[in-house]
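S.K.: Predicted structure and sequence below. I'll ask about it afterward.
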Amino acid sequence: MIFHCLFEQSGTFKNVFIKNGHKAYDYDILNDYGETDYQIDLFNEIEREFDNLIDNTNYQTIFSKMTSDNDFIIAFFPCTHFCNANELQYRLWIGGRKVAFDKKSCTRLIERNRERAKYFEIYLKFCYICTMKGLCCIIENPSNRNYLVQFSPIDVAWYEKDRSLFGDKYKKPTNFFAINFEMKEDFIMFSQISEKQIIMKKSGCRERSEISRLYAENFYKRFLESNYKRSKYE
């Protein structure tokens, strides 16, 4: 199985997959950790592959050689415009205080709404690509009641109320949306389940590359390992 970690540059999940005998690659526009295998504009790749499916164009993209039998996508889709912190922006709670609804804040919110619409459009196109190509995909997005929970055509497949219980550094609610894959938790083995519960104080979006290796290891054991073995030997 080849795992493709999209919008991810830390190597956290990638290295767990490699450790467990799989090929795995990180894809991101940045390479701050020195782990990005394909430094690329993923929004552009999604747009081009969507055009391939809709308009019968023939652009070469990262999705071109992916198949339902060999490839699995883990996408850490940017949450800047979808997380709970974004909801506070629209309600004009900035920096812990309520600001006035004036020309400046109204203009800022109108522009922010346009940006969110663009991000959501890309998200929809990405979901369509995975659905139509039969690609197994899990999309991670933090918060418990974010924009995607309300408006995504893909239902939440798994809700993690507290990631710190499974090895992460932070007590942080997270939603996982799954396409062509059923997230069934397998309680075969956990490694060093954390007892620490550090409340997340920063915006969840800024921490997307800082999921701990231990959480990634437990995630693989809980949701992916047994499924892979079953599909391999059936």
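M.R.: Received it, and whenever you're ready, just let me know what you need.
S.K.: Touching, residue 169 and residue 12? I think so.
M.R.: No - the pair residue 169 and residue 12 does not pass the contact test of CB atoms under 8 Å, sitting 11.5 Å apart. Just so you know, the C-beta spots here come from the backbone N, C-alpha and C atoms, and that holds for glycine as well.
S.K.: Need the overlap of contacts for the two.
M.R.: Contact criterion CB atoms under 8 Å, 6 or more residues apart in numbering; residues shared by residue 169 and residue 12: residue 212.
S.K.: what secondary structure does residue 158 sit in?
M.R.: strand (DSSP: H, G, I helix; E, B strand; the rest coil).
S.K.: Count the residues that sit near it.
M.R.: With neighbours defined by other CB atoms under 10 Å, the count for residue 158 comes to 18.
S.K.: Surely it and residue 182 touch.
M.R.: No - using CB under 8 Å, residue 158 is not in contact with residue 182, being 9.8 Å away.
S.K.: low-confidence ranges in this protein?
M.R.: 187-210, 228-234 (pLDDT under 70).
S.K.: looking at this, residue 85 is in a helix?
M.R.: Yes - assignment of residue 85 by three-state DSSP places it within a helix.
S.K.: distance of it from residue 78?
M.R.: Residue 85 sits 13 Å away from residue 78, going by CB to CB, to the nearest Å.
S.K.: Now do the same for residue 219: helix, strand or coil?
M.R.: Per three-state DSSP, the secondary structure class of residue 219 is helix.
S.K.: cool, the one 3 residues further on as well?
M.R.: Using three-state DSSP, the secondary structure recorded for residue 222 is helix.
S.K.: Could you report the distance from it to residue 96?
M.R.: Counting by CB to CB - residue 222 and residue 96 are separated by 36 Å.
S.K.: So which residues of the chain form strands?
M.R.: 2-6, 23-28, 38-39, 71-75, 93-94, 97-98, 136-142, 156-160, 170-171, 174-179, 198-199 (DSSP state E).
S.K.: right, so of those, which gets closest to residue 214?
M.R.: strand 170-171 (12.1 Å; CB to CB).
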